[in-house]
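Trainee: I'd like to go over a predicted model; first the sequence, then the structure.
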Amino acid sequence: MNRVLFSLLIFGSLFMFSCKTTRNVEKVKKLKPKSSKFLMKRLVQNQVNVDWLSSKAKVTYQDDYGVQKFTANIRFRKDSLIWLNFKKMSVEGVRLQITPDSIFLINRQSKEYIMDSFEKAQQAFGFPTNFAGLQAMLIGNPVFFTQKLDSKVDNQRYRLKGKTDRYDTKYWLEATEYFLSQMLIDDFRNKRSMDVAFKDYQQLPDGQNFSYFRHLNFNSREYGAMSIKIDLSKVEINVPKSIRFEISDRYKKVEL
C-alpha cells in the first residue's frame, strides 16, 4: 500500500515542469550565455496561473515488476485540492486526494485505504515540497530549492544548477522561449533522484503554455527504479468540477 502511495505522489509530481519542444530549436547554431537572474526571470514569466484544472491521461508505468498501462483523471483546485483516479479497462483501481493538511488514498483492489496528514506522508517518503509546491509542480511551474543558481550553455540548451544541504538540482531550458525542458533533482541525503523531461507543448484556451507529454525516471534505494510516461488530453481550465471521495466502511484502514 505504501508503494502505491509513493508511486502516486511521484506521479503527481510529474506534472511539476513544463517545456516546449515544438519550436525550431535545431536552427540554433550557437547560444550566447545568459545570467541565472535572466533565466530565472523568464521561468517565472512563463508560469501557468489557473484556479481549476482538469485532464485525462494515458499512463505507462514501469518498474522492476514489469510494465502497466492505465488511464487517469486529474482535477486540481488552486490552494485547496489535488484529486486523481486511476482506471484499467474502465474499472477504477485507485483514488487519491491531497489537501493542504491531509492525504486520502483508496486502493479498491486490496479494499484498503490510507487517511493521514500531508506532513506525515511528506516525512515518510521524503517528499521535497509542501502542498503549495506540489500544486505548482502539478500545473507546470518550477519550484526552486535555492535562489543561488549558476548558469551555463549545455548542449544547445541553457542550464541552471544549484545545491543545498540536501539537494543537487539542475534545470535545462530550451533555447528560444526559455521553457523548462528537463529537470534533475538529486536528493543525495536520502539517495533518491528524479529526472523529468517534457514534450508536446501546446497552448491552453487562454493562451498559456502547457506540456501535454511528460516522462519521469525515478530511482531510490527503497523502491528501485521507476519510469512513468504520461500523455495528457482534454485539458480544461477554470471550470469548477465536482469532487467525490467516499470510503466504504468495508475497507480496512492501513497506516503509513
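Mentor: Done, it's in. Numbers count the residues shown, from 1 in each chain.
Trainee: Output the top strand by length along the chain as PDB, restricted to C-alpha atoms.
Mentor: Determined from DSSP state E, the single longest strand within the chain is strand 224-237. The C-alpha trace of strand 224-237 is given here as PDB (Å, rounded to 0.1, in the frame of the first residue of the first chain):
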ATOM      1  CA  GLY A 224      14.400   0.800  -7.000                       C
ATOM      2  CA  ALA A 225      13.900   2.300 -10.500                       C
ATOM      3  CA  MET A 226      10.600   3.600 -11.800                       C
ATOM      4  CA  SER A 227       9.600   5.100 -15.200                       C
ATOM      5  CA  ILE A 228       6.300   7.000 -15.800                       C
ATOM      6  CA  LYS A 229       5.200   8.300 -19.100                       C
ATOM      7  CA  ILE A 230       2.000  10.500 -19.200                       C
ATOM      8  CA  ASP A 231       0.200  11.600 -22.400                       C
ATOM      9  CA  LEU A 232      -2.400  14.200 -21.400                       C
ATOM     10  CA  SER A 233      -5.600  15.100 -23.300                       C
ATOM     11  CA  LYS A 234      -8.800  17.100 -22.800                       C
ATOM     12  CA  VAL A 235      -7.100  19.700 -20.600                       C
ATOM     13  CA  GLU A 236      -9.700  22.100 -19.200                       C
ATOM     14  CA  ILE A 237      -9.000  25.200 -17.100                       C
END
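Trainee: average pLDDT for that strand?
Mentor: For strand 224-237, mean pLDDT is 90.
Trainee: That one pairs with which strands, and in what direction?
Mentor: strand 52-63 (antiparallel), strand 209-220 (antiparallel) (DSSP bridges).
Trainee: Now tabulate these in JSON lines and tack on mean pLDDT and distance to K161.
Mentor: C-beta: built from backbone N, CA, C; applies to glycine. Compiled in JSON lines, the strands paired with strand 224-237 are given as follows (pLDDT from 0 to 100; distance: least, CB to CB, whole Å):
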{"stretch": "strand 52-63", "mean pLDDT": "91", "distance to K161": "28"}
{"stretch": "strand 209-220", "mean pLDDT": "86", "distance to K161": "19"}
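Trainee: what's the most buried one of those?
Mentor: Across the strands paired with strand 224-237, averaging neighbours per residue (mean count of other CB atoms under 10 Å) puts strand 209-220 on top, at a mean of 20.
Trainee: Quick one: distance of that strand to the chain centre.
Mentor: Offset of strand 209-220 from its chain centre (CA atoms, centre = their mean, to the nearest Å): 7 Å.
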